[in-house]
Every structure is written in C-alpha cells, then in structure tokens.
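# Fold the following and give me the result.
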Amino acid sequence: MAVQLEVVKFRDLVTIQSLPRFVPGFVQPTLEIKGEDFSSVEEVLINEVTSPEFIIINQFTIYAQLPKAAQNKISSVEVISNKFTRTTAASKLSFSIGNKTKSIEGILKLMQLFVKWLLQSPGSDIFNIERGGGLQEMVGSITDSRRMDGIIGVLTRSIQNTTNQIRSAQTNMTQLPLSERLLTAELADFDVFSDHMEIRARIKLVSLAGKEAVTALVL
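Numbers count the residues shown, from 1 in each chain. Okay, the predicted model is just below:
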C-alpha cells in the first residue's frame, strides 16, 4: 500500500464536560477542564490559541494555563487528541507538516486528498484547470446568517463536484487499495455561529472498503 506525507492534520476533538473553576495556587491563570478521556491529549486551545502549558491530572482532568489573549474572556475551549479514530464527533483540521514528518495511508490519506481538492479553486492547477471544489472561495465572503439555503447549496455542490472528480481520477488506478477509493461523501451537518462569524460543516466520507471518517471545516 502506497503512503503519503501528511500535510493535512486530522485530530480528534475530546468531549469537554465542564470547566468548573480556575485552579488556586498557580502563578499564571490556570483553568480546570473536565472531560471524557484525556489520556491522549496533545494540545489545548483556549479562544483558538494554544495553551502555553497544560498538565493531565488524570484521565478526566486537565489543568491548562490561559494564553494572554484569553485572560480577559474565555469564549471557546478545545481539547485535541493525538489520535484520529474516525469518530462521529469529528476531527480538528489543520494544515502543517510539523516538527516530525508522518506518512499516512488508507482512509486518512483519502480524507487528505478530499479536503485538498474540495478547497482548491478551479483554474489554480495549470495541468488540470477543472480540478477543485472551490470551497476556499467561500472563506471571508459576506453572508446573511439568517439565509443559509444558498450557502448549504454551495457546500453541497462543492462536495458533489469533488466526489465526482476523485472518482473519475481513481477509475484507472488499478493498484489503488479499496480503503483509499472514494465511495461517497456527504454533508453530515452544518452550524452557524454568528457571534464568531463562522460556518462549521462536518463532512462524512466512505471508502469502497466500507471505512467511514468525518472531518470538520470552519469557514
């Protein structure tokens, strides 16, 4: 099975159950976080900024130092695992290679391909000017949060166009394993966060091997 360098990172979001208090006795403001299973956590984001330092107290508790940008107000907290388990809770997506390079294969390789093509603008690749779902063009566009039908339509078309392009490209790849061949892709759900001017979409992929994966995109 061929492998590929990971450039799109997918990491599971660990469910947070509560933020009970600020921990007393610490020099820097430190937040206590309670959740389901913190045994594989690699990063804590507070207001979308990486916590300078965190301590895993036990499987269900983390102490996370507040970044300077979050010391006046906490608007969001995310706990990110170092795993990608294809859970229906979805994953956090980022574009980076990191300090240590990593190769990927199977459904994760398929997801990386799908996300890259979904965001790509048609015409940006001189060798294949039709390739791309064009979703990146939505980022930063002006949208009325009360009228989402048009945005959902654009998302759905982008996903379907990307699906058709990948299926077509894979037709003659006789050595490609079933786990890396795309069967279906669909918009799983869609949320609007007006306060943050964000649209969050979850997309579910299914390979010909029957493996499923869900990724989250923030636009």
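# For residue 21, which non-adjacent residue is spatially closest?
Closest residue in space to residue 21, ignoring its immediate chain neighbours: residue 32 at 5.2 Å, by CB to CB, 6 or more residues apart in numbering. Bear in mind the C-beta positions are built from the backbone N, C-alpha and C, glycine included.
# what's the spacing between the residue nearest to residue 76 when sequence neighbours are not counted and residue 69?
Leaving aside its sequence neighbours, residue 76 sits nearest to residue 47 (CB to CB, 6+ apart; 5.8 Å). Between residue 47 and residue 69 the computed distance is 6 Å (CB to CB, to the nearest Å).
# Residue 167 contacts residue 184, doesn't it?
No - applying CB atoms under 8 Å as the test, residue 167 and residue 184 come out as separate, 9.6 Å apart.
# what mean pLDDT does the helix or strand where residue 163 lies have?
Here residue 163 sits within helix 149-170, counting by DSSP states H and E. The predicted model assigns helix 149-170 a mean pLDDT of 89.
# Could you do stretch 31-46 as well?
92.
# Give me the distance between that stretch and the centre of its chain.
17 Å (CA atoms, centre = their mean, to the nearest Å).
# List the buried residues for that stretch?
31, 32, 33, 35, 38, 41, 43, 44, 45, 46 (16 or more other CB atoms under 10 Å).
# what comes into contact with the helix or strand hosting the second one?
If you go by DSSP H and E, residue 32 is part of strand 30-35. In this structure, residues lying in contact with strand 30-35 by CB atoms under 8 Å, 6 or more residues apart in numbering are 14-23, 44, 46, 60-66, 74, 77, 79.
# okay, the helix holding residue 163 in PDB with CA atoms only?
C-alpha atoms of helix 149-170 as PDB (Å, rounded to 0.1, in the frame of the first residue of the first chain):
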ATOM      1  CA  ASP A 149     -30.000  28.000   1.800                       C
ATOM      2  CA  GLY A 150     -27.600  29.400  -0.600                       C
ATOM      3  CA  ILE A 151     -24.500  28.500   1.500                       C
ATOM      4  CA  ILE A 152     -25.700  25.000   2.000                       C
ATOM      5  CA  GLY A 153     -26.300  24.700  -1.700                       C
ATOM      6  CA  VAL A 154     -22.700  25.900  -2.500                       C
ATOM      7  CA  LEU A 155     -21.300  23.400   0.100                       C
ATOM      8  CA  THR A 156     -23.400  20.500  -1.300                       C
ATOM      9  CA  ARG A 157     -22.300  21.200  -4.900                       C
ATOM     10  CA  SER A 158     -18.700  21.600  -3.900                       C
ATOM     11  CA  ILE A 159     -18.800  18.300  -2.100                       C
ATOM     12  CA  GLN A 160     -20.500  16.500  -5.000                       C
ATOM     13  CA  ASN A 161     -18.200  18.000  -7.600                       C
ATOM     14  CA  THR A 162     -15.100  16.900  -5.600                       C
ATOM     15  CA  THR A 163     -16.600  13.500  -5.200                       C
ATOM     16  CA  ASN A 164     -17.100  13.100  -8.900                       C
ATOM     17  CA  GLN A 165     -13.600  14.400  -9.700                       C
ATOM     18  CA  ILE A 166     -11.900  12.000  -7.400                       C
ATOM     19  CA  ARG A 167     -14.000   9.000  -8.500                       C
ATOM     20  CA  SER A 168     -13.100   9.900 -12.100                       C
ATOM     21  CA  ALA A 169      -9.400  10.300 -11.300                       C
ATOM     22  CA  GLN A 170      -9.300   6.900  -9.500                       C
END
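# Many thanks, have a good one.
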